[in-house]
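Q: Quick check, what structure comes out for this input:
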Amino acid sequence: MQPATATTTSYHHRLGTSVHLLPQTDQLRALHTMVRDRDADREDFVFYAGRIIRLLTEAALNLLPFEPCDITTPVGRTYRGLRFAENLVGVPIVRAGESMEAELRAVVPGIRIGKVLIQRDKTTKQPRLYYTAFPEDIASRQVLLLDPMLATGGTALAAIEVLRDLGVPEEHIVFVNFITCPEGIAAVCDRYPGVRIVTSAIEEGLNENAYMMPGIGDFGDRYFGTDR
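A: Coordinates of the predicted model:
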């Protein structure tokens, strides 16, 4: 078991506030068993990863604001329901984040989709912004930021900074993430405490090569079939 550190303590006290971890049910563990297996074929990886992404999407939507909406049922009675109070936009971090786009579209048909491309500079090792495409009114929207892996947090921080520079409040950003680790959680929450993170697993931590342990490999490569 990982020893208690300032980093692990940092994420533990945020669980349920800034960090929303999916219930660790037997079903979820079984799904993770399928996608973490290094011998899983691509078809199985995509299928079972998609099931987890759907659970993450539903959990993220539950964090968004709602407003009252009364409707009339087929028997003429009034049902006092709810509807989303704000406009919504999904923003995958290209390329791996695009693996989560299809499940979001399936749950929210017609949702606006933005894009942000951030890659690590080979020389400086720092995240570098290459491309963005957003709705003009993104500052007034609720943003679901999509990226399957949160390790050191460098790419996530850069993407959130782009959104903040466009006027999106921290409290309007929900970072939907397949797996993360204490180091990544601490990096994001310390700089942007208003951002909420939804994830399906919190790893033990990073090894000396900044790989998450026990890990899942390169999610984007495995999903899109470009792994070697």
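Q: helix, strand or coil for the most centrally placed residue in the chain?
A: Compute the mean C-alpha point of the chain, and by C-alpha atoms, centre = their mean the closest residue is residue 176, 1.6 Å away. Three-state call for residue 176 (DSSP: H, G, I helix; E, B strand; the rest coil): strand.
Q: Any stretches of the chain with poor pLDDT?
A: 1-14, 16, 122, 124-125, 228 (pLDDT under 70).
Q: could you show me where the strands are in it, in order?
A: 19-21, 66-72, 78-84, 88-94, 112-113, 115-120, 127-133, 142-146, 149-150, 173-180, 196-202, 205-206, 212-213 (DSSP state E).
Q: Out of those strands, the one nearest residue 157 is which?
A: Closest to residue 157 of these, according to C-beta to C-beta: strand 127-133, at 7.4 Å. (C-beta placed from N, C-alpha, C; glycine too.)
Q: Verify the stated contact: residue 126 with residue 120.
A: Yes - Residue 126 is within contact range of residue 120, at 7.0 Å (criterion: C-beta atoms under 8 Å).
Q: list residues touching both of those two?
A: Residues touching both residue 126 and residue 120 by C-beta atoms under 8 Å, 6 or more residues apart in numbering: residue 154.
Q: more crowded one of the two?
A: Comparing residue 126 with residue 120 by other C-beta atoms under 10 Å, the one with more neighbours is residue 120, at 14 against 9.
Q: In contact with that one, which residues?
A: 126-128, 154-155.
Q: And for residue 78?
A: 70-72.
Q: Then residue 41?
A: Per C-beta under 8 Å, 6+ apart, neighbours of residue 41: none.
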